[in-house]
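J.: Have a look; sequence and predicted model below, questions after that.
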Amino acid sequence: MTPFPFFFIICFVCLFPFLPSSSSLHYPYNYSLHIDCGGLSNSTDIFNTTWVSDRYFTGGAISVVSEPLHFQHSQEKTLRYFPISSGKKNCYVIPNLPSGRYQLRTFTVYDNYDGKSHSPSFDVSVEGNVVFQWRSPWHETISRAGAYSDLFFTVSDDEANVCFYSIATDSPVIASLEITQIDPASYLVNDTSILVNYGRFSSGSDQWGPGFSNDTDRFGRSWQSDADFRSKIAVKTTGATVKAISAIKNVINVDRAPNYFPLKLYQSAVTIIGEGGEFLEYLLPVDAKLDYLLWFHFAEIDVSVNKAGKRVFEIVVNGENVSRVDIYKEVGSFAAYDFKYVVKNLSSAELSVRLVPIVGAPVICGLENYAIIPADLKTLPAQVVAMKALKESLKVPDRMGWNGDPCAPTTWDAWEGVTCRSTTNGSLVISQIDLGSQGLKGYISDQIGLLSNLVSLNLSSNSLGGSLPWGLGQKSLVKLDLSNNKFTGTLPDTLASSTLQIVFLNGNALEGQVPEELLSIGVHGGAIDLSGNKGLCGGPTLPDCPLFWSKNGLSTAGKVAIGISCLVFICVVLLVAYICYKRRQNDYDFGLPHEMMSLAAKRNRYQRQKSLMTLEMESQHAKGFIPTYNAT
């Protein structure tokens, strides 16, 4: 989509005198942010708008235009550009946004800021949808003076992503960004489409709105003069004369929800005068193969038209009669009358809107044309979380452009080294990550387990360390190459339960026993290389693991053996304790009665006397003397 048709060229000689800001009525949506891209300090312009210094960008550098005196506003003089060293994708990520509908307004200028006299080619996306396509060379007037553009989009999470994609070595450039919350029902075609402005004009007046005059427009819309779109050929062919008319009193039914069209839009109009048969035609530049939303704005501000049927005309879009209009019949005089029409699948690069008279002459206050950009696919939120975590843990350099949505827009290979695919439910998922030899020095985040559709992971020949996360080895993973890094620790069990067919873990510092399931990859026709890990054991090219040893230390058998040994030891200890306890129970120690003690003493004396007699007899016998004993 070329941006030129819907950009407002700055011609400061045509600007209205700068007046103080007027007060506004109550408006329920008050979020707005104005970023001075490249600006170093906050500032306030002549319309009392506060511009914050440059922020929320992911990369790039700042500069100023070559001719600062050519620009009236400070935010138009500074810019941010994104050289190829910042990566092919850079973004402004605006956080903490309430969910809802927003208008985004940008100011883009080249003005030979780099002295190369070469306006860049680049694309711009919003929320993962390509909305602007800048192609060199720019129109000389736009290149030098700059241009505004705007669109309407919906924020479903809490941040907005405005991303810039460089083409070849060109550096995308941006001078200012404005985001304004609007009514969620405004300009609504559906909940997902983005409406890109391809032309917005106010009839019978000069260009007005933010950046051009102090006229209030709650959405920050800038309105061009209808003369920029009026068909000169139609006027010349029919001999008609275009006449501007102005309201002599205020028009009612303006500034109302959800679109809040401003009063100034209906205070002027154009009509044609002639001898009859004249028509009014506008030619709107467009891109083919898109749908367009047309908003028509009318008000009967001619006091001579005082009843229905005095002014009737038809609206013909690309040769098709789409409506017959009688403003007075619809709303009366000095009242706003609007309606919309959708043009489907244009086949040309120009949209013709013709007002053909039936009774009297046609009249129009304004017209808006928006391309309806269908929402592109987006990456599953859980996988976005995983990829952002990997960006931090792997310390991915800025030059690889890991910014915004990892997979969107689908027309770009959004993150370098990342391949995505669409699913049947209309989402994008990560299928491959190839970051071999990129100088990475971090580790693999545990969040990698959220990448449930990952087929191939290549982080070889970097300086990554730490242990392999347990989330590694999803059921979808077929190829894993972590060779020539500094990974430590044991192999996670999830690797053994995956469907891996190619595994290269060589050149690390892993340890422990290799699971048999992982070793079977080589047996079943796959490829596996675990060499260079001095702590690994149990593989064909690896040393045998010690007895009772596995990749996690002791094997199950070793643990069982130790358990049994401990149990036997405990049983022996308990048995010894039991025996000692029983012996202590049988070791009696108590006193005898006195009579028994006396009897024992007498018995002891008798035994001693008997022993002495026996000794004496044995002594006499030894000498041959046989003693005689007197008979009693």
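T.: That came through fine.

J.: Which positions are bridged to Ala336 in the beta structure?
T.: Beta-bridge partners recorded for Ala336 (DSSP bridges): Ala299.

J.: surely it meets Ile252?
T.: Yes - using Cβ atoms under 8 Å, Ala336 is in contact with Ile252, at 7.1 Å. Placement of C-beta: from N, CA and C, glycine included.

J.: For these two, indicate the residue with more neighbours.
T.: Ala336 (21 against 15; other Cβ atoms under 10 Å).

J.: which stretches of the stretch 501-632 of the chain form helices?
T.: 516-523, 556-586, 594-622 (DSSP state H, counting those that start in this stretch).

J.: Where among the ones you listed is average confidence lowest?
T.: Lowest mean pLDDT within the helices of the stretch 501-632 of the chain: helix 594-622, at a mean of 55.

J.: and Val396, how many residues sit next to it?
T.: 22.

J.: tell me the pLDDT at it?
T.: 95.

J.: Distance of it relative to Ser456?
T.: Note on Val396: its distance to Ser456, by Cβ to Cβ, to the nearest Å, is 17 Å.

J.: got it, and Lys378?
T.: Taking Cβ to Cβ, one finds Lys378 at 22 Å from Ser456.

J.: So which of these two has more stuff around it?
T.: Counted by other Cβ under 10 Å, Lys378 and Ser456 do not tie: Lys378 has more neighbours, with 21 against 16.

J.: now that one: how far from Ile94?
T.: Taken as Cβ to Cβ, the spacing of Lys378 relative to Ile94 amounts to 17 Å.

J.: So which elements touch the helix or strand where Cys91 lies?
T.: Cys91 belongs to strand 89-94 when assigned by DSSP states H and E. For strand 89-94, the elements it packs on are strand 160-166, strand 176-182, judged by 3 or more Cβ pairs under 8 Å, 6 or more residues apart in numbering; DSSP states H and E.

J.: average pLDDT across the last one?
T.: Across strand 176-182, the average pLDDT comes to 96.

J.: Given that strand, what are its sheet partners and their directions?
T.: Applying DSSP bridges to the sheet, strand 176-182 is found paired with strand 32-36 (antiparallel), strand 100-108 (antiparallel).

J.: now the ones you listed in CSV, with distance to Val359?
T.: Shown next, in CSV, are the strands paired with strand 176-182 (distance: least, Cβ to Cβ, whole Å):
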stretch, distance to Val359
strand 32-36, 45
strand 100-108, 38
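
J.: Find me the pLDDT at the residue lying closest to Cys163 once chain neighbours are set aside, would you?
T.: Nearest residue to Cys163, sequence neighbours excluded (Cβ to Cβ, 6 or more residues apart in numbering): Cys91, at 4.1 Å. Model confidence at Cys91, given as pLDDT, is 96.

J.: Correct me if wrong: Cys91 contacts Phe57.
T.: Yes - applying Cβ under 8 Å, one finds Cys91 in contact with Phe57, separated by 7.4 Å.

J.: hmm, who's touching the strand holding Cys91?
T.: Strand 89-94 has contacts (Cβ atoms under 8 Å, 6 or more residues apart in numbering) with 33, 35, 37, 56-60, 82, 159-166, 172, 174, 177, 179, 401-404, 412, 414-415.

J.: ChimeraX command for the buried members of those?
T.: Entered in ChimeraX, the line below selects the buried ones among those, by 16 or more other Cβ atoms under 10 Å:
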select :33,35,37,56,57,58,59,60,82,160,161,162,163,164,165,166,172,174,177,179,401,402,403,404,412,414,415
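
J.: Just send the strands paired with strand 176-182 back as JSON lines, with distance to Ser498 and mean pLDDT too.
T.: As requested, the strands paired with strand 176-182 are arranged in JSON lines below (distance: least, Cβ to Cβ, whole Å; pLDDT from 0 to 100):
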{"stretch": "strand 32-36", "distance to Ser498": "46", "mean pLDDT": "97"}
{"stretch": "strand 100-108", "distance to Ser498": "43", "mean pLDDT": "96"}
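
J.: closest to Asp183 out of those strands?
T.: Among the strands paired with strand 176-182, the nearest to Asp183 by Cβ to Cβ is strand 100-108 (6.9 Å).

J.: The closest one versus strand 160-166: what angle between them?
T.: Following axes from the mean of the first three to the mean of the last three Cα atoms, to 10 degrees, one obtains 30 degrees for the angle between strand 100-108 and strand 160-166.

J.: Hmm, Lys395 is touching Ile444, no?
T.: No - counting by Cβ under 8 Å, Lys395 sits too far from Ile444 to count as a contact (11.6 Å).

J.: Next, the contact list for the closest residue to Ser467 other than its chain neighbours, please.
T.: Leaving aside its sequence neighbours, Ser467 sits nearest to Gly489 (Cβ to Cβ, 6+ apart; 3.4 Å). Contact analysis of Gly489 by Cβ under 8 Å, 6+ apart lists 466-468, 510-512.

J.: could you measure Gly489 against Glu178, distance?
T.: Taking Cβ to Cβ, one finds Gly489 at 50 Å from Glu178.

J.: And Arg218, by the same measure?
T.: In terms of Cβ to Cβ, Arg218 sits 13 Å off from Glu178.

J.: Who has more neighbours out of those two?
T.: Set side by side, Arg218 and Glu178 show more neighbours around Glu178, with 22 against 19, by other Cβ under 10 Å.

J.: Across the sheet, point out what pairs with the nearest residue to that one once chain neighbours are set aside.
T.: Using Cβ to Cβ, 6+ apart and skipping residues adjacent in sequence, the residue nearest Glu178 is Arg105, 4.2 Å away. Note on Arg105: beta-bridge partners Asp150, Glu178, judged by DSSP bridges.
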